[in-house]
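1. Output the structure for:
(one chain, ligands or ions: 1)
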Amino acid sequence: MASSAAPMISFRDATKVFGGGRSGEVRAVDGVTLDVAAGEVFGVIGYSGAGKSTLVRLINALEPLTSGQVVVDGQDVGALGEGELREVRSHIGMIFQQFNLLSSRTVAGNVAYPLEVAGWSRARRAARVAELLEFVGLSDKAKQYPSKLSGGQKQRVGIARALATNPKVLLADESTSALDPDTTRDVLNLLRRVNAELGVTIVVITHEMDVVKYICDRVAVMEHGKVVEHGDVYSLFARPQHPATRRFVGSSLRDRPTAAALERLRRRHPGRIVTIGIREDGASSNDLTRALREHPVDGTIVYGGITEIAERPYGSLTLALEGADDAVAAFLADLATTTSVLDLGTAAAPLADPDAVPERSDEDGDGGAVRGSLDVGAAGLAQHGGPEAAPTFKLFAPFRRWKS
Ligand SMILES: Nc1ncnc2c1ncn2[C@@H]1O[C@H](COP(=O)(O)OP(=O)(O)OP(=O)(O)O)[C@@H](O)[C@H]1O
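-> Numbering: from 1, shown residues only. This is a model prediction of the structure:
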């Protein structure tokens, strides 16, 4: 639920440096300039140590800035005294990977805690806690202790507690990283409701692009304390510019073969292997079909995946090509005039994918990701001279060009 109102959070050249002693200093956040709009769900993605948590802790001044400025809801948090900061913090909720519930308090006691700190009367607290537990679907657990709850239930309590004082902003620091995929989806759906029904601006820190894909309107990618790329989620998926972004995008769809999967493909298909991008303008699917028809080259889809981001097609297909060397080169040069083509070489002269995602432990074959492409009928492209009707999916261009 993005809005065009003034930013809820503005970072201006925000910098946080730790240390400086013999062990040297760490520029955990390094000159970040960024706006988070009121009412949006904003993702901050990056690998461990990129500076995500520190960036988010600057919002509620849990970490003081070294230089620059952070403005939250019109207040320059670096310029506030402790009393004013408490007031700003009361409008910022936070949830954590490990939930951080008080084990000695019941579910209701945990949710009531910030209300006690804020000085609410017993009667008002009871009414508010009942309302919050109803919202997160835990009314029947009010008297339970956290140790009796599942991870998903614990995070629901965390969300209820974070919402207790009606915050305008909710900071979610790896809030689903300790949860299984089904529970993750439930918690993300609850966060969607918090955003849509309560109008809370949410900042989600994560290292998982699937989380970004599922709930964020916009996202910033962090590396070494800097925001290396930011924008709306579809644009980032469709046209990732920075290598870190490309790796995150690849790890979400898993549409491109890992190095090991590529090795297995080469054993079965010693000829040239290429990956082509799926783009949204619709022209390239026709171009691929036409090029396969016009050149004496056979193409078989051996890997790939197509999904939708923000209701638009996104992904890639990897083809094993058969034909005389000059015919394959002419085919690819032709295709590359309209569609982006990543050359992975041949078994005899292999080329690496510079953005290949790391091996997954659950990877059991090289065809695991191809189901997505079959779902949309892309298998129709598998043979030279393929089906009469062009497939309906569309192609985009995230890769470097084939060079003949
Ligand atoms: N209190 C601190 N004192 C010294 N260095 C710190 C402190 N907090 C964070 N750092 C350093 O700052 C850098 C950024 O850390 P931060 O926790 O913000 O990264 P992150 O992207 O959130 O990583 P993770 O996903 O592992 O939490 C790291 O090099 C970290 O070691």
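2. tell me which parts of the stretch 1-150 of the chain are close to the ligand?
-> Counting by CB under 6 Å from any ligand atom, the residues of the stretch 1-150 of the chain close to the ligand are 18-19, 26, 28, 46, 48-54. Any C-beta I mention is one placed from the backbone N, CA and C, and that applies to glycine too.
3. Quick check: the farthest pair among the residues you listed?
-> Greatest spatial distance in those: 19 and 46, 19.9 Å, computed using CB to CB.
4. More neighbours: which of the two?
-> Applying other CB atoms under 10 Å to residue 19 and residue 46 shows that residue 46 carries more neighbours, namely 24 against 11.
5. any idea how far the more buried one is from residue 95?
-> For residue 46, the distance to residue 95 (CB to CB, to the nearest Å) stands at 19 Å.
6. pLDDT below threshold where in the stretch 201-350 of the chain?
-> Residues of the stretch 201-350 of the chain that meet the criterion pLDDT under 70 lie in 279-285, 310-311.
7. Can you name the residue of it nearest to the ligand?
-> residue 207 (6.0 Å; CB to the nearest ligand atom).
8. what residues are up against that residue?
-> Residue 207 makes contact with 45-48, 174, 177, according to CB atoms under 8 Å, 6 or more residues apart in numbering.
9. Quick one: mean pLDDT for the longest helix anywhere in the chain?
-> Longest helix of the chain, by residue count under DSSP state H: helix 181-198. Here helix 181-198 scores 94 as its mean pLDDT.
10. Dump the C-alpha coordinates for that helix into PDB.
-> Coordinates of each C-alpha in helix 181-198 appear next as PDB, following Å, rounded to 0.1, in the frame of the first residue of the first chain:
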ATOM      1  CA  PRO A 181       8.100 -21.700   4.800                       C
ATOM      2  CA  ASP A 182       4.400 -22.200   5.600                       C
ATOM      3  CA  THR A 183       4.700 -20.300   8.900                       C
ATOM      4  CA  THR A 184       6.700 -17.600   7.100                       C
ATOM      5  CA  ARG A 185       3.800 -17.100   4.700                       C
ATOM      6  CA  ASP A 186       1.300 -16.800   7.600                       C
ATOM      7  CA  VAL A 187       3.500 -14.200   9.300                       C
ATOM      8  CA  LEU A 188       4.000 -12.300   6.100                       C
ATOM      9  CA  ASN A 189       0.300 -12.300   5.400                       C
ATOM     10  CA  LEU A 190      -0.200 -10.900   8.900                       C
ATOM     11  CA  LEU A 191       2.300  -8.100   8.100                       C
ATOM     12  CA  ARG A 192       0.400  -7.400   4.900                       C
ATOM     13  CA  ARG A 193      -2.700  -6.900   7.000                       C
ATOM     14  CA  VAL A 194      -0.900  -4.600   9.400                       C
ATOM     15  CA  ASN A 195       0.100  -2.500   6.500                       C
ATOM     16  CA  ALA A 196      -3.200  -2.600   4.500                       C
ATOM     17  CA  GLU A 197      -5.700  -2.400   7.400                       C
ATOM     18  CA  LEU A 198      -3.800  -0.300   9.900                       C
END
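11. Can you give the distance of that helix from its chain's centre?
-> Distance of helix 181-198 from its chain centroid, counting by CA atoms, centre = their mean, to the nearest Å, is 15 Å.
12. Please spell out which residues along it are buried.
-> When burial is assessed from 16 or more other CB atoms under 10 Å, helix 181-198 yields the following buried residues: 183-188, 190-191, 194-195.
13. Just the closest of those residues to residue 212, please.
-> residue 188 (10.5 Å).
14. Quick check: the closest one vs residue 218, distance?
-> Distance, residue 188 to residue 218, by CB to CB: 16 Å.
15. re the thing from before, just the buried residues from the residues of the stretch 1-150 of the chain next to the ligand, in ChimeraX please.
-> Applied in ChimeraX, the following selects the buried portion of these according to 16+ other CB under 10 Å:
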select :26,28,46,50,51,52,53,54
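16. With secondary structure as new columns, can the residues of the stretch 1-150 of the chain next to the ligand be given to me in CSV?
-> Shown next, in CSV, are those (DSSP: H, G, I helix; E, B strand; the rest coil):
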residue, secondary structure
18, strand
19, strand
26, strand
28, strand
46, strand
48, coil
49, coil
50, coil
51, coil
52, helix
53, helix
54, helix
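17. min pLDDT across the residues of the stretch 1-150 of the chain next to the ligand, which one?
-> Lowest-confidence member of these: residue 19, scoring 88 (pLDDT).
18. Show me what that one is bridged to.
-> residue 25 (DSSP bridges).
19. quick one: the helix or strand containing residue 156 to chain centroid distance?
-> Here residue 156 sits within helix 151-163, counting by DSSP states H and E. Mean C-alpha position of helix 151-163 versus that of the full chain (CA atoms, centre = their mean) differs by 22 Å.
20. From the contact counts, what lies against that helix?
-> Helices and strands touching helix 151-163, by 3 or more CB pairs under 8 Å, 6 or more residues apart in numbering; DSSP states H and E, are strand 92-96, helix 107-117, helix 122-135, strand 169-173, helix 181-198.
21. Rounded mean pLDDT for the second one, please.
-> Per-residue pLDDT values over helix 107-117 give a mean of 96.
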